Each structure stands twice: as C-alpha cells, then as structure tokens.
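In: Take this sequence and fold it.
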Amino acid sequence: MRREEKSDYPFKAVREVLVNALIHRDYQNIGAEVHVDMYDDRMEISSPGGMMNGSRIQDLDLKTVPSMRRNEIISDIFGRLHYMDRRGSGIRRIINSYTHYENKPSFYSNEYFFLVSLPNRGIASRIKHTTGKTQLTTGKTQLTTEKTQLTTEKTQLTAEKTQLEVLRTDIRQKTEKIFRPVTVDKIIKLLSTYENKYSFNRQIVAKQFEISENAASRILKKAMDCGIVRKEKKGVYYFK
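Out: Down below sits the predicted model:
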C-alpha cells in the first residue's frame with residue numbers, strides 16, 4: 001500500500017555519464033562547461049572535447065568503442081574514489097540500464113563536444129511480452145546469447161591481444177635502428193591506444209610525445225618509411 005518511488009532516469013546511467021563528462025572533457029577549452037539539460041522526454045549531458053582519436057561516436061559500434069583517457073590523473077582519482085569501474089565498461093552499462101525499454105540512450109560527438117541523451121523512462125515505451133512463457137523463453141535465449149557473446153568476446157580479445165603483441169614486436173624490430181629507445185617506447189604506447197583500427201594525426205603524436213608538430217611530422221615520415229605506419233589521406237594515419 002505504500003508509495004513506490006521509480007526514478008525517470010537510471011541512477012547508474014546518470015552517474016556514469018556525469019563521471020565520464022568530468023573525466024574525459026577537454027580542460028584546455030577555456031570557458032567551456034559540462035552541461036546538464038532537462039527536457040520533458042530526455043536528459044542531455046554534454047561536455048567539451050570530442051573523441052581523442054578524431055572519430056565520431058555515432059559512426060562506431062558501441063560494443064567496441066576504444067577506452068581512451070584524455071586526463072589520466074583525474075581518471076586515477078575517480079577510480080580510487082570508486083566513482084568509475086573497470087575500463088571500457090561505461091557505455092555498455094548505460095545501454096544496459098534501458099534493457100526493457102524501446103527508447104535507448106543516444107550518443108553524438110564531433111570535434112568540439114560529446115553529447116549523451118538519456119530517455120525519460122517515465123514516458124518511454126516499455127518492451128512488452130504477451131505471456132510468462134514468452135518471458136521465460138526470451139530470458140533463456142538472452143542468457144544463452146550472452147554466454148555465446150561472452151565466449152566470442154574472450155576469443156576475440158585473445159586474438160586481438162596476440163595480434164597486438166605481434167605488432168609490438170614488429171615495430172621494435174623495424175625501429176630499433178631508426179629511433180631512440182625512448183621514442184620507440186612512445187610509439188608502442190601510441191599503438192596500445194590506437195592499435196591498427198583507429199586513426200591518429202600529427203597533433204595527437206605531438207601531444208603524446210610532448211614535442212612540436214613539426215617534429216611529430218618527421219617521426220611520422222620515418223615511421224612510414226620503415227613500414228609501421230600508413231597514411232590513409234592527408235593528416236590521417238594508421239598503424240599497419
């Protein structure tokens with residue numbers, strides 16, 4: 001007989017989006033702020049700074065979005081305070097908060113900002129099942145599917161780790177006589193972030209190597225000459 005409180009927005013999803021907005025925002029964009037905008041049908045949380053690798057979140061598979069930290073120290077602090085969980089699980093947790101609803105969270109980014117829109121569950125369309133048998137069958141199917149997906153993900157992860165290790169070894173062999181050891185280590189660190197699936201540019205290299213953009217261009221040219229980096233188009237590079 002007592003009143004049962006049900007929030008319009010999942011607590012875990014809101015916390016995850018807010019924490020990510022504070023951790024991953026671009027603090028070099030002076031005057032920009034994290035915004036939380038409330039509407040009748042949704043909550044929108046936006047923060048300055050797009051994806052670190054220059055991609056757009058709306059163009060990616062949300063299950064395989066790379067986990068990159070723009071602000072390592074802030075990330076470490078939030079991790080120690082238990083405001084963030086294991087790396088790369090945030091987007092999945094946000095989506096899972098709306099498992100039983102047709103209206104799903106949406107993600108958008110460009111060069112300047114990152115936006116997450118959370119539907120209001122109070123007016124969102126709930127997924128309906130006709131009978132208890134249907135629910136039970138669906139639950140079993142989902143469980144089987146999740147187990148299969150988990151096994152597949154583990155297999156893919158093992159293969160990706162093996163491929164990444166081969167790339168690291170290949171890069172060290174090809175660059176040991178061209179770059180100084182400290183530069184090779186920085187190239188390996190860049191590989192760990194972007195692998196051979198995501199693009200980067202000379203601005204990113206300059207920032208991570210703490211050098212000028214001209215010096216970054218010279219490093220990229222040498223990296224292409226020795227066959228560890230390819231140029232997709234002007235200003236866009238990938239590891240081979």
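In: Poorly predicted segments of the chain, please.
Out: 85-89, 127-161 (pLDDT under 70).
In: Would you map out the domains in it?
Out: Using automatic domain parsing, the domain ranges for the chain come out as 11-119, 154-239.
In: Let me have these in a markdown table, extended by mean neighbour count.
Out: The way it works is simple: take the backbone N, C-alpha and C, and place the C-beta from them, glycine included. Output for these, formatted as a markdown table (neighbours: other CB atoms under 10 Å):
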| stretch | mean neighbour count |
| --- | --- |
| domain 11-119 | 15 |
| domain 154-239 | 14 |
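In: Let me have these in CSV, extended by distance to E4.
Out: Output for these, formatted as CSV (distance: least, CB to CB, whole Å):
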stretch, distance to E4
domain 11-119, 15
domain 154-239, 39
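In: With R2 as the reference, name the closest of the ones you listed.
Out: domain 11-119 (20.2 Å; CB to CB).
In: Relative to E5, which of the domains of the chain is closest?
Out: Across these, closest to E5 is domain 11-119 (CB to CB), at 11.4 Å.
In: gap between the two ends of that closest one?
Out: Using CA to CA, to the nearest Å, one end of domain 11-119 lies 13 Å from the other.
In: This protein: helices as residue ranges?
Out: Using DSSP state H, the helices of the chain run over 11-24, 72-80, 90-96, 132-175, 181-194, 202-209, 213-225.
In: Format the ones you listed as JSON lines; extra columns: distance to M52.
Out: Putting the helices of the chain into JSON lines (distance: least, CB to CB, whole Å) gives the following:
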{"stretch": "helix 11-24", "distance to M52": "8"}
{"stretch": "helix 72-80", "distance to M52": "12"}
{"stretch": "helix 90-96", "distance to M52": "15"}
{"stretch": "helix 132-175", "distance to M52": "18"}
{"stretch": "helix 181-194", "distance to M52": "8"}
{"stretch": "helix 202-209", "distance to M52": "7"}
{"stretch": "helix 213-225", "distance to M52": "15"}
